[in-house]
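Undergrad: Take a look and give me a structure for this.
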Amino acid sequence: ALQLSYLHAGGHDPAILDQLLHLQAEAMALEKRSTGLHRRTAEDPPAVLAEPPGTGARDLDTALLAVELENRRLEDKLLALRVRRERRADTGSRVAQWHAEELAQLQAEVGRLRCHMEQTGPWLPPAILPPPVAP
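TA: The predicted structure follows:
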């Protein structure tokens, strides 16, 4: 949970990610040990580890955890990119729709003006003639 919140907040420092990975691996090891203790009865012999701690098995668990966490980070990043692309597409379509509506309004106005001109004919101001001159 700590690592996910760190990644969601934009954290990307490799040293901090490595520390969080080690903490998670340690927590998983503690959980495995505690569940193993609860399952064991007094008659069962103590569990013997196939490999001592700090060897290949732990390294594999740590590597697997690192890959899983990187996958989660990449999935989150992919989701964010998809959301951003959809928002851009929505914004672009809204702008295109607004332009289409503006164009339709202007075309309608031009049509109304043409119709009005055809009905009234060309409008010229009355001719201003000089006053008649006496013979």
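Undergrad: Just say helix, strand or coil for His99.
TA: helix (DSSP: H, G, I helix; E, B strand; the rest coil).
Undergrad: what's the burial count for it?
TA: 10 (other CB atoms under 10 Å). No exception for glycine: its C-beta is placed from N, CA and C like everyone else's.
Undergrad: Sticking with Arg73, tell me its helix or strand.
TA: For Arg73, the host element (DSSP states H and E) is helix 56-120.
Undergrad: Would you check how far apart the residue nearest the centre of the chain and Ala100 are?
TA: The centre of the chain sits closest to Ala80, judged by CA atoms, centre = their mean, with a distance of 2.4 Å. Distance of Ala80 to Ala100, given as CB to CB, to the nearest Å: 31 Å.
Undergrad: tell me the pLDDT at Thr55?
TA: pLDDT recorded at Thr55 is 52.
Undergrad: Adjust the sequence numbering to begin at 470 for everything that follows.
TA: Noted, 470 is the first residue going forward, which turns the last one into Thr524.
Undergrad: List phi and psi for His481.
TA: Per-residue torsions, His481: phi -150, psi 20 (degrees, to the nearest 10).
Undergrad: what's around it, how many residues?
TA: Residues lying near His481 (other CB under 10 Å) number 10.
Undergrad: go on, Leu534?
TA: With other CB under 10 Å as criterion, Leu534 counts 17.
Undergrad: ok, now Ala484?
TA: By the criterion of other CB under 10 Å, Ala484 has 7 neighbours.
Undergrad: Specify the angle between whatever helix or strand it lives in and helix 525-589 in degrees.
TA: Taking DSSP H and E as the definition, Ala484 sits inside helix 483-508. Helix 483-508 and helix 525-589 are oriented at 120 degrees to each other (axes from the mean of the first three to the mean of the last three CA atoms, to 10 degrees).
Undergrad: So for helix 483-508, what gets flagged as buried?
TA: Neighbour-count burial for helix 483-508 flags Leu486, Leu489, Leu490, Gln493, Ala494 (criterion: 16 or more other CB atoms under 10 Å).
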